[in-house]
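> Quick one: sequence plus predicted model below, questions after.
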Amino acid sequence: MESNTVTRADLAESVYEQVGLSRNESSDLVEQILDEVMEALVSEDNVKISSFGSFSVKEKKARIGRNPKTGVEVPISPRKVLVFRASHVLKDRINKAMQVPEVTDETSHF
């Protein structure tokens with residue numbers, strides 16, 4: 001399975017092709033949207049994008065972890081983590097793309 005990554009440049013190019021803004025305007029628009037999302041998350045606001053998913057910041061408490069190589073216990077400090085939760089629409093679309101069409105009696109020629 002080949003893995004591709006969508007970059008900011010890819011998003012800007014898509015906006016350019018589909019919306020008709022200039023390449024510079026498309027790039028600026030993508031940057032503004034991403035900046036808005038980042039600022040909201042830094043302020044610990046939730047970001048919800050309909051039919052896509054939601055981003056939120058969660059607090060993790062301090063705990064004791066273990067170095068997997070040596071087994072030595074090490075303290076892990078409290079921290080904030082970014083959490084993404086996909087919408088049902090996105091989950092359904094991903095799962096639908098993975099489904100193989102079923103063979104029925106009507107399509108079977110045996």
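That came through fine.
> Helix, strand or coil: sort out Val37 for me.
With DSSP: H, G, I helix; E, B strand; the rest coil as the basis, Val37 sits in helix.
> So what's the residue count around the nearest residue to it once chain neighbours are set aside?
Setting aside the residues directly before and after it, Val37 is nearest to Val47 in space (Cβ to Cβ, 6 or more residues apart in numbering), at 5.3 Å. No exception for glycine: its C-beta is placed from N, CA and C like everyone else's. A count of nearby residues for Val47, using other Cβ atoms under 10 Å, gives 18.
> Any regions of the protein where pLDDT drops low?
Where the chain drops to pLDDT under 70, the residues are 1-3, 100-110.
> What segments of this structure are helices?
For the chain, applying DSSP state H gives helices covering 8-19, 23-42, 88-98.
> Buried by neighbour count: which residues of the first one qualify?
To tie it back to what came earlier, the one meant is helix 8-19. Neighbour counts over helix 8-19 (16 or more other Cβ atoms under 10 Å) mark 11-12, 15-16 as buried.
> and the residue lying closest to Ser50 once chain neighbours are set aside, how many neighbours?
Sequence neighbours aside, Ser87 is the residue nearest to Ser50 in space, at 7.5 Å (criterion: Cβ to Cβ, 6+ apart). Look at Ser87: counted by other Cβ under 10 Å, it has 15 neighbours.
> Enumerate the beta-bridge partners assigned to the residue nearest to Val37.
Phe55 (DSSP bridges).
> ok so, going back, now, among the buried residues of helix 8-19, which is nearest to Phe52?
Here the nearest of the buried residues of helix 8-19 to Phe52, counting by Cβ to Cβ, is Leu11; it sits at 13.3 Å.
> where's the closest one relative to Asn67, distance?
39 Å (Cβ to Cβ, to the nearest Å).
> hmm, back to that, so the residue nearest to Val37 touches Ser54, yeah?
Yes: assessed by Cβ atoms under 8 Å, Val47 is found in contact with Ser54 at 6.5 Å.
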